[in-house]
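Colleague: Sequence plus predicted model, see below.
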Amino acid sequence: NHLVRKIEAAIDFSFIYKLVENMYSSERGRPSIDPVVLIKMAFIQYTFGIRSMRKTIEEIETNLAYRWFLGFGFHDKVPHFSTFGKNYERRFKDTDLFQKIFYRILKEASDKKLISAEHVFIDSTHVKASANKRKFEKKIVRKETKAYEARLQEEINSDREKHGKKTFPPEKYKKEENKEIKESITDPESGYYVKDERTKQFAYSFHAAADRNGFILGTIVTPGNIHDSTMFEPLLEKVIENCGKPDAVAADAGYKTPAIAQYLIENNIRPVLPYTRPRTKKSYLRKHDYVYDKHFDCYICPEGQVLEYRTTTKEGYRQYFSNPTKCKNCSLLAQCTQSQNHQKLIQRHVWEDYLEEADHLRYTTENRIIYAKRKETIERVFADAKEKHGMRWTTLRGLKKLSMQAMLTFAAMNLKKLANWTWTSPKMV
């Protein structure tokens, strides 16, 4: 009942030959090591959480189960630990081989009716980079373009037209916005990640989507300083492409943005998002204390004063201002605003209606049941990956190698689940 026996029974690894046929030459050079053996060696490393290929080869040399899995006899010579690395650099580096392997295993699970993708759970986790956090350079770089940028620009100009305002010209949006970042000298492609005073490090973010059975449906790797919400749409589009459109998507508070709520609702996907605390300062009136009148497009304060629409910013926020002459003598002024001219400003996103709808759905029984599954699905995936499959930190450097690690780790986890769920123990004779 060893796991490698279950894996061998669960999937036929010969599909790898077709994936790599263009990477090998049958006419030149000496015969290479079997590509299936190379990939199986990597699967042994990531399935059993062995920290390096050097250590993996040491284990294979003395472990009969691993030798059997690779097709080696007791006295057969095991490949050198550098073999996989050399093949990666010469053949696999700039290909989508590991992505294809990941989706091939996922398809196998789907064909056996093990995937249940009507509810999808999305989150990300940070993986500590192989880089000294004290060795960095400060650089000015351009801010990343968000996936929904073009959609938002169209919505903003449409909103301004409705209010009789001039639309923003395209060059208004094309103006470059810069930010200062810390770039690692050791691994420039990692990102500086700050969680709290104690957790400051260079890291990568592994963004992943899982179904309710804990199978990983897709993954994207980014530097650790990229916000979770920016990768939501590209990741979900991968899931839709490979597994079909889900009925509902659950995510934590980091994904509770107007853009994500709009994207889900417009695509007839149920948003399952949590409660978030108001960000208003203590002892001040909160935004929900001001009533929004949709018909007249204005806000009404607790004292009955109207805050009228003024403009829509290029960031997508409608601005509503109060009358300072009326506010000046208001009894609630000290709880309302710190503005020196006694004027209250409320901002409302052009997609705020979608966010409010997502908030209303939060009270439904269906959303509560789905959201409760997060800790049993995507949270457990990350916990298992870090505790059992060596994903707490990495010894690799660069986005391409980290993407390979993510694909192999999650493919190994899917394969392990597939093998255990489909295994039927042979009858002892």
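Modeller: Sure thing, it's come through. Everything quoted here is computed from the prediction, not taken from an experiment.
Colleague: going forward, measure contacts between C-alpha atoms and count neighbours the same way
Modeller: Fine.
Colleague: Please name the nearest non-neighbouring residue to Leu345.
Modeller: Nearest residue to Leu345 in three dimensions, chain neighbours excluded: Phe321, at 4.8 Å (C-alpha to C-alpha, 6 or more residues apart in numbering).
Colleague: shouldn't the one you found be in contact with His342?
Modeller: No: counting by C-alpha atoms under 8 Å, Phe321 does not reach His342; the two are 10.5 Å apart.
Colleague: OK, contacts around Asp359?
Modeller: Shown in contact with Asp359 (C-alpha atoms under 8 Å, 6 or more residues apart in numbering): 273-275.
Colleague: Pull out the buried residues from those residues.
Modeller: For the contacts of Asp359, a burial check counting by 16 or more other C-alpha atoms under 10 Å picks out 273-274.
Colleague: Return the member of the contacts of Asp359 nearest to Ile101.
Modeller: If you rank the contacts of Asp359 by distance to Ile101 using C-alpha to C-alpha, Leu273 comes first, at 32.0 Å.
Colleague: I figured the closest one hits Ala250, correct?
Modeller: Yes: at 6.0 Å, Leu273 counts as touching Ala250 under the criterion of C-alpha under 8 Å.
Colleague: Now for these two: what residues contact both?
Modeller: Tyr371.
Colleague: what about the residue nearest to Gln347 when sequence neighbours are not counted, helix or strand, and which?
Modeller: Spatially, and ignoring its direct neighbours in sequence, Gln347 is nearest to Gln319 (4.7 Å; C-alpha to C-alpha, 6+ apart). Using DSSP states H and E, Gln319 maps to strand 317-321.
Colleague: List the buried residues in the helix or strand following that strand.
Modeller: Reading on from strand 317-321 to the C-terminus, the next helix or strand found by DSSP H and E is helix 324-327. For helix 324-327, the neighbour count (16+ other C-alpha under 10 Å) marks Cys327 as buried.
Colleague: contacting residues around helix 324-327?
Modeller: Against helix 324-327 from outside (C-alpha under 8 Å, 6+ apart): 305, 333, 341-344.
Colleague: I'd like to know which of these is nearest to Leu264.
Modeller: Distances from Leu264 to the contacts of helix 324-327, taken by C-alpha to C-alpha, are shortest for Lys344, at 32.3 Å.
Colleague: ok, the closest one to Lys326 distance?
Modeller: Note on Lys344: its distance to Lys326, by C-alpha to C-alpha, to the nearest Å, is 11 Å.
Colleague: What's the mean pLDDT across the longest helix along the chain?
Modeller: Of all the elements of type helix in the chain, the one with the most residues (DSSP state H) is helix 399-422. In this model, helix 399-422 has a mean pLDDT of 95.
Colleague: which other residues reach that helix?
Modeller: 3, 6-7, 9-10, 42-43, 46-47, 93-94, 98-99, 101-102, 105-106, 109, 114, 189-190, 206, 215-216, 219-223, 385, 389, 391, 394, 396.
Colleague: Please narrow those residues to those residing in helices.
Modeller: If you go by DSSP H, the contacts of helix 399-422 have 3, 6-7, 9-10, 42-43, 46-47, 98-99, 101-102, 105-106, 109, 385 in helices.
Colleague: State the number of residues packed around the residue nearest to Leu345.
Modeller: 18 (other C-alpha atoms under 10 Å).
Colleague: what sits against it?
Modeller: Here Phe321 is in contact with 307-310, 343-346 (criterion: C-alpha under 8 Å, 6+ apart).
Colleague: so what's it bridging to?
Modeller: Beta-bridge partners recorded for Phe321 (DSSP bridges): Glu308, Leu345.
Colleague: picking up where we left off before, put the alpha carbons of the longest helix of the chain into CSV.
Modeller: This file holds the C-alpha atoms of helix 399-422, laid out as CSV (Å, rounded to 0.1, in the frame of the first residue of the first chain):
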residue,chain,number,x,y,z
LEU,A,399,9.8,33.6,-11.4
LYS,A,400,10.2,30.8,-13.9
LYS,A,401,11.7,28.4,-11.4
LEU,A,402,9.2,29.3,-8.7
SER,A,403,6.4,28.7,-11.3
MET,A,404,7.9,25.2,-11.9
GLN,A,405,7.9,24.6,-8.1
ALA,A,406,4.3,25.7,-7.7
MET,A,407,3.1,23.6,-10.7
LEU,A,408,5.0,20.5,-9.4
THR,A,409,4.0,20.9,-5.8
PHE,A,410,0.3,21.3,-6.6
ALA,A,411,0.4,18.6,-9.3
ALA,A,412,2.0,16.3,-6.7
MET,A,413,-0.8,17.2,-4.2
ASN,A,414,-3.5,16.5,-6.8
LEU,A,415,-1.8,13.3,-7.8
LYS,A,416,-1.5,12.1,-4.2
LYS,A,417,-5.3,12.8,-3.6
LEU,A,418,-6.1,11.1,-7.0
ALA,A,419,-4.0,8.1,-6.1
ASN,A,420,-5.5,7.6,-2.6
TRP,A,421,-9.1,8.1,-3.7
THR,A,422,-8.9,5.6,-6.6
